[in-house]
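Enquirer: Here is a sequence with its predicted model. Questions after.
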Amino acid sequence: MAKKKANTGPLMVGVVGGVVGTLFGGWLQGRKMKKKHDKEKKELIQYIQLQEEIYKQREQQWQGEYQKLYKAYDSLEKDTLERDYEEFKAPDTNNDDMISRAEFNTYVRKYLSSFPELSGERANNL
């Protein structure tokens, strides 16, 4: 009997075609995924840059507001110091930057005389 040769030609074509199709399909899918990845990466970078720009703008705005508040506080403190010094200097009649008991008593009497509604008993105790 003669041996029959197995007909493996169509089977091999099918296997090779399947392997090639799988490789080609994988390559196409990989290409598609890379494009999608690149697009998402670009969008993410744009979003991050936009957030950084917004942060810089807010930082500049906050710095401006801080400077305004600091200047207002500094001005208020200077005004308060000047007012306090003037109040201290009022009873110091001899300008020696010291208030003696006599200067203080004189100042209190003058002050109380400007406000008669205040108790006279306090003025008498000086």
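Expert: Cool, the structure landed. Residues are numbered from 1 along each chain as shown.
Enquirer: Got phi/psi on Lys68?
Expert: Listed backbone geometry of Lys68 is phi -60, psi -50, with angles given as degrees, to the nearest 10.
Enquirer: And it, how close does it get to Ala90?
Expert: 33 Å (C-beta to C-beta, to the nearest Å). For the C-beta atoms, the positions are set from N, CA and C on the backbone; glycine is no exception.
Enquirer: These two: which is more packed in?
Expert: Looking at Lys68 and Ala90 with other C-beta atoms under 10 Å, you find the greater number of neighbours at Ala90, namely 13 against 10.
Enquirer: Correct me if wrong: that one contacts Val108.
Expert: No - between Ala90 and Val108 there is no contact under C-beta atoms under 8 Å: 11.0 Å.
Enquirer: Just give me how far the host helix or strand of Arg83 sits from the chain centre.
Expert: For Arg83, the host element (DSSP states H and E) is helix 9-89. Centroid displacement of helix 9-89 relative to its chain, using C-alpha atoms, centre = their mean, to the nearest Å, is 15 Å.
Enquirer: And the average pLDDT for it is what?
Expert: Per-residue pLDDT values across helix 9-89 average out to 91.
Enquirer: Quick one: list the elements packing against the helix or strand just after that helix.
Expert: The C-terminal neighbour of helix 9-89 among helices and strands, as given by DSSP H and E, is helix 101-114. The elements that helix 101-114 packs onto, with contact taken as 3 or more C-beta pairs under 8 Å, 6 or more residues apart in numbering; DSSP states H and E, are helix 120-124.
Enquirer: which residue packs closest to Glu118, ignoring adjacent ones?
Expert: Residue 118: Leu, not Glu. Spatial nearest neighbour of Leu118, chain neighbours left out: Leu112 (5.4 Å); criterion: C-beta to C-beta, 6 or more residues apart in numbering.
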